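quick one: sequence plus predicted model below, questions after.
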Amino acid sequence: MQSGKFLIVVGGPTASGKTDFAIRLARHFNTVILSADSRQFFGEMNIGTAKPTAEEMAQAPHYFINSRSIESEYSVGDFERDALQLLERLFEEKNVVILAGGSGLYIKALCEGLDKFPEVPLVIRQAVEEEYQEKGLPHLQAELQRIDPAYYKIVDANNPHRLIRAIAVFRASRQPYSSFLSQARPQRFFTPIFLQLHWPRAELYARIDARVETMMEQGLLEEARSLYPKRKFTALQTVGYQELFEHLDGRLSLEEAVSLIQRNSRRYAKRQLTWYRRDGHWKLLRPEDWELALFFIEAAMLKKWALLYSDEAPGNFTFHPMPQLRGQFLQITQSGKPVAALYLVEGKDAVWLQGPFYLVQEDNIPLAERILLHEVLLASANKKVFALKSSVSNHPTPGLKLTPITLSGLPDWTRAAAEKIAELYPDAGAFEISKA
């Protein structure tokens, strides 16, 4: 990994504001943006893919937008190859480049490398494609759920191209597609910094519904009508177009089609969020968290900090598990080694934290604490957040309010763990954490 070259990755579900945030970062760092939205590659698809406008693209150079035709195949492997070649040229002049988009597989391919899959004979792939043409998308969805439930949980189930690929790999190898997704990765010549734009679920869904309505006002139906003769191309097998094609076929009213676009877009967002959670390395941010984003980026660049969710406890971290509920560890690492960590357990109405506690002598405890607690506060949605944390860091934390409470003020289900951990950390205090 080459030091001094950074790819700031702006991810997040559909309609989360990635374009605006990426442009702001590009202007701040005087750099360019690569799109990792697999639908925005295609020049014929504009309104339904929520491409940056001409005014937005004028604010920062963009790559991989309108770069292909829907009539040409363009795989994730093609994108990995082309993007790496482009980054090699860009990093000759720049130290920072922005990658923005919601296609998790394309982001993963560029930042970590693709998994190696067995060769699939053409006859097998053609057989699966014929099944799709004869029996439709529901058949592919049911088949993949049967043979590979692990991959079905994270794949875009409305994308027949990916379902066909996974089913064909299984039939060729007799191994589930998901079994090939955990292989050793090649080293990259840049360091990724992962930022994920976050909205509470209800707000995100409202944004998605509103954006679909805006797309219809902008002429999405007319765009779909112009593409209708080419509807069999893989690029058009996607939300926003498929539903309107069914309307044009006379199988749905326009109102039903729009409602389905909204519903399927919400489901797509849910799958995107599942993908990000599985990665375990995204720093959650609201679009207004600009100052904290810059602090986190600076720490990643200068201190080699990264955020990591893990099911395994970092070394030298003493915690008290709660057998009745699953816990998870959230930590800040420095060059892969833990700096600070906390243990979090989510109940029905509240989240219980043990920490942050510090695993090394770190000269910037306030920033580490702010990053960790801010992350949990966003991830916990509307639940109350309680923590037992070391009193050595009981200082003002910008953007957060830490209200001291007694152990008796904690939720009942945390009481035994709180008393036990208080014995292990005599200087710890109990707090309720909220936005300032």
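Cool, the structure landed.

give me the distance between residue 208 and residue 10.
Residue 208 sits 18 Å away from residue 10, taking CB to CB, to the nearest Å as the criterion. Yep, even glycine has a C-beta here, placed from its N, CA and C like the rest.

please disregard the earlier target; I meant residue 198.
With CB to CB as the criterion, residue 198 and residue 10 are 12 Å apart.

who's more crowded, those two?
residue 10 (30 against 24; other CB atoms under 10 Å).

give me the element that one is part of.
Secondary structure from DSSP states H and E places residue 10 in strand 6-11.

hey, C-alpha coordinates of whichever helix or strand comes after that strand in CSV?
Later in the chain than strand 6-11, the nearest helix or strand by DSSP H and E is helix 18-29. Output of helix 18-29 as CSV, limited to C-alpha atoms (Å, rounded to 0.1, in the frame of the first residue of the first chain):
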residue,chain,number,x,y,z
LYS,A,18,-23.8,11.2,-2.1
THR,A,19,-23.4,13.5,-5.1
ASP,A,20,-23.6,16.8,-3.1
PHE,A,21,-21.2,15.5,-0.5
ALA,A,22,-18.7,14.1,-3.0
ILE,A,23,-18.6,17.4,-4.9
ARG,A,24,-18.0,19.3,-1.7
LEU,A,25,-15.1,17.0,-0.9
ALA,A,26,-13.7,17.3,-4.4
ARG,A,27,-13.8,21.1,-4.2
HIS,A,28,-12.2,21.0,-0.7
PHE,A,29,-9.3,18.8,-1.9
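
after helix 18-29, next one along is what?
Heading C-terminal from helix 18-29 (DSSP H and E), you reach strand 33-35.

for that following strand, packing partners?
If contacts are counted by 3 or more CB pairs under 8 Å, 6 or more residues apart in numbering; DSSP states H and E, strand 33-35 sits against helix 18-29, strand 62-63, helix 76-90, strand 96-100.

just the mean pLDDT for stretch 40-59, thanks.
Stretch 40-59 comes out with an average pLDDT of 95.

could you tell me the end-to-end distance of that stretch?
End-to-end span of stretch 40-59 (CA to CA, to the nearest Å): 18 Å.

list the buried ones in it?
40-42, 44-52, 57 (16 or more other CB atoms under 10 Å).

wait, residue 275 sits on residue 154?
Yes - applying CB atoms under 8 Å, one finds residue 275 in contact with residue 154, separated by 5.3 Å.

rewinding a little: can you tell me which of the buried residues of stretch 40-59 is nearest residue 215?
residue 47 (5.3 Å; CB to CB).

what's near enough to touch the closest one?
215, 218, 219, 220, 223 (CB atoms under 8 Å, 6 or more residues apart in numbering).

in helices, which of the residues you listed fall?
215, 218, 220, 223 (DSSP state H).

pull out the buried residues from these.
Using 16+ other CB under 10 Å, the buried ones in the ones in helices among the contacts of residue 47 are 215, 220, 223.

let me know the closest of the residues you listed to residue 288.
Looking across those and measuring by CB to CB, the closest to residue 288 is residue 215, at 24.8 Å.

Three-state assignment for the residue nearest the centre of the chain, please.
Nearest to the geometric centre of the chain sits residue 276, at 3.4 Å (CA atoms, centre = their mean). Judged by DSSP: H, G, I helix; E, B strand; the rest coil, the three-state class of residue 276 is helix.

that one reaches residue 196, doesn't it?
Yes - here residue 276 reaches residue 196: they are 5.5 Å apart, a contact under CB under 8 Å.

find residues that contact each of those two.
In contact with both residue 276 and residue 196: 11, 12, 282, using CB under 8 Å, 6+ apart.

who does residue 283 bridge with?
Beta-bridge partners recorded for residue 283 (DSSP bridges): residue 195.

for it, the count of nearby residues, please.
For residue 283, using other CB under 10 Å, the count is 23.

try residue 229
Residue 229, neighbours per other CB under 10 Å, totals 7.

please begin residue numbering at 208 from this point
From this message on, residue numbering opens at 208, which makes the last subject residue 436.

look up how far residue 545 lies from it.
Where residue 545 is concerned, residue 436 sits at a distance of 57 Å (CB to CB).

cool, and residue 490?
16 Å.

go on, residue 611?
27 Å.

what about the closest residue to residue 549 other than its chain neighbours, which SS state?
Leaving aside its chain neighbours, residue 549 sits nearest to residue 562 (3.2 Å; criterion: CB to CB, 6 or more residues apart in numbering). Secondary structure assignment for residue 562 (three-state DSSP): strand.

list the contacts for residue 562?
524, 526, 547, 548, 549, 550, 579, 594, 595, 596, 597.

next one: the third one from residue 377, what distance?
Counting by CB to CB, the gap from residue 547 to residue 377 is 42 Å.

for the fourth one, same thing?
According to CB to CB, residue 548 stands 38 Å off from residue 377.

look at the two and report which has more neighbours.
Counted by other CB under 10 Å, residue 548 and residue 377 do not tie: residue 548 has more neighbours, with 26 against 23.

skipping adjacent residues, who's closest to the more buried one in space?
residue 538 (3.9 Å).
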